[in-house]
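Colleague: My questions concern the predicted model and sequence given below.
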Amino acid sequence: LGAEAAGRGYTGAAVPGNASGALINPAVMMPDSAHVFTELNIKPSQDEVNLPLNSNYTSPMPLGLFGINARIGSRLAIAGMYSNPKSINLQAFSIEINQGAWWVERFPKYYLHQISAMASYKAMENLSLGLSLHNQIHYLDDVIFLRTYDRIERSEYALRIQPGVFWQTGEFGLGASATIPSNIDWDLHYARYDTVLPLELNAGVSYTKDSYRLSADMAFINDSAISDEFSDRYSAHLGVEKRDGNRILRAGYMFRSNVWD
C-alpha cells in the first residue's frame, strides 16, 4: 500500500495525498501537479519451519509501485499505477524419493500484478468522491498436487472495483472505501476452485494540528466468504507524523486478527 502509508501503520483512509494513498481510499488522491513516482520493495526471506533442507519464502519482485498522477482542472484528479501487492516464492518444496537417495525440488509461486485506473472528484468544498478500477492478474506456478510431479502454471484475471468518499473540514478528515467482491475461478487440471475475492471495507479519521498529524483506521475483510474454515479479518491502525521542513518523521502501529489458526 505504499511506503508513506506503511510509515503510519498503514493508515490513509482519511489522509489526503498522492496516488499511492489512493490504494487505501481513492477519494483522498489530491495531487497539486503532475507526478511520476516509483517505489522499490526489498523484503528479507522467511523460514518455513515445517519443511526440510532450510526451505524459505522469498519475495523476489522488487518493484512495489510505479505510476503517474495529475490534476485536470480544479476538481478532478486522475492516476494510473502498477503495483505488486504480493509475490511469494517457496524455495523449495523438497520431496524425498528412492529411499532418500534423491530429492525432487519444487518451487511454488504466487504473484499478484495490479494495474489501477483511479479518479478523485471534488464534489463539494469539503467532500471528495473517488473510484479505483484495479485490474488484477493472479499468477500461480508449480502448484503442488499429491501423487503427481506435473507442473501446473495458470493466470487468472479479476476486476476489483473500489469506490471511496472523503470529507474534510478544518483540522479533521473522515474517509471510507469499499472493495467490491469479485468471482475468481481456477481450473488447475487436478483440481477446480470456484471462489471469491472477498469484500473489503475500511474507514478512518485524521487530525492535523500545526506540523503534526494523527490518523486512525479500521478495516474488515470478509474472508469467511472464501471458506467456512476461515474467520473474517479485522484490523486496527494508528499513525502519527511530524513535518519539520523537508523532513517527515512517521510512526505507526497495526493489529490484524487471524484468518485461520
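Modeller: Looks like it came in fine.

Colleague: number of nearby residues for the closest residue to V143 other than its chain neighbours?
Modeller: The shortest distance from V143 to any residue other than its chain neighbours is 4.5 Å, reached at I152 (C-beta to C-beta, 6 or more residues apart in numbering). C-beta: built from backbone N, CA, C; applies to glycine. Using other C-beta atoms under 10 Å, I152 has 18 neighbouring residues.

Colleague: How about the contacts made by I152?
Modeller: L140, D141, D142, V143, F145, L188, H189, Y190 (C-beta atoms under 8 Å, 6 or more residues apart in numbering).

Colleague: same question, G175
Modeller: Going by C-beta under 8 Å, 6+ apart, the list of residues near G175 reads 13-15, 25, 27-28, 164-167, 203-206.

Colleague: Tell me which residue is most central in this structure.
Modeller: P85 (4.5 Å; C-alpha atoms, centre = their mean).

Colleague: List phi and psi for it.
Modeller: The phi/psi pair for P85 (degrees, to the nearest 10) reads phi -60, psi -30.

Colleague: how about the closest residue to it other than its chain neighbours, what does it touch?
Modeller: The spatially closest residue to P85, leaving aside those adjacent along the chain, is L112, at 5.1 Å (C-beta to C-beta, 6+ apart). Going by C-beta under 8 Å, 6+ apart, L112 touches N84, P85, K86, S87, Q136, I137, H138, Y139.

Colleague: Just the pLDDT at L112, thanks.
Modeller: At L112, the predicted lDDT confidence score is 96.

Colleague: before we move on, what about the one 4 residues further on?
Modeller: As summarised for this prediction, S116 has a pLDDT of 96.

Colleague: pretty sure it is touching M81, no?
Modeller: Yes. The criterion here is C-beta atoms under 8 Å, and S116 meets it with M81 at 4.8 Å.

Colleague: between these two, what contacts are shared?
Modeller: A22, L23, G67.

Colleague: Without its sequence neighbours, what residue ends up closest to the second one?
Modeller: To tie it back to what came earlier, the one meant is L23. Counting by C-beta to C-beta, 6+ apart, L1 is the residue found nearest to L23 once chain neighbours are left out, at 5.0 Å.
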